[in-house]
Each structure stands twice: as C-alpha cells, then as structure tokens.
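J.: Return atomic coordinates for the entry below.
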Amino acid sequence: TLFRSLRFQLATGQLENPMRIREVKKTIARIKTVQREVELKSENA
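T.: Numbering: from 1, shown residues only. Down below sits the predicted model:
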C-alpha cells in the first residue's frame with residue numbers, strides 16, 4: 001500500500017516530504033469514515 005511504502009521510505013531516509021505520511025493517513029481515515037457511513041445507512045434502510 002501507499003502508506004506502507006511511505007513508512008519504509010521514511011525509515012530508510014529516502015522520503016523527501018515527511019508531511020506526506022500525515023496527508024495519506026488523513027485521506028485513509030476519510031475514506032474509511034465514508035465507507036462506514038454508507039454501511040450504516042444501508043443497515044438502517
């Protein structure tokens with residue numbers, strides 16, 4: 001995954017922009033939140 005790849009780059013010192021990890025984590029959280037909202041709506045419908 002992209003997040004795992006970025007973490008590896010950070011550990012090996014190859015990552016140019018460490019803030020990218022934070023951005024990716026937030027994006028993943030947003031996606032999971034939307035998925036959960038859709039899941040809950042379908043259960044209640």
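
J.: Would you map the helices across the protein?
T.: Ranges of helices within the chain are 2-12, 19-44, based on DSSP state H.

J.: for the last one, the distance to its chain's centre please.
T.: If I follow you right, that is helix 19-44. Between the centre of helix 19-44 and the centre of its chain there are 8 Å (C-alpha atoms, centre = their mean, to the nearest Å).

J.: Against Val38, how distant is the residue of the chain most remote from its centre?
T.: The outermost residue of the chain, judged against the average C-alpha position, is Ala45 (28.3 Å), by C-alpha atoms, centre = their mean. Ala45 is 11 Å from Val38, where distance means C-beta to C-beta, to the nearest Å. For glycine as for every other residue, the C-beta is placed from the backbone atoms N, C-alpha and C.

J.: now Gln9
T.: Taking C-beta to C-beta, one finds Gln9 at 32 Å from Val38.

J.: what do you get for Lys32?
T.: For Lys32, the distance to Val38 - C-beta to C-beta - is 11 Å.

J.: tell me the centre residue of this structure?
T.: Note: the chain centre (C-alpha atoms, centre = their mean) maps to Ile28, 2.5 Å.
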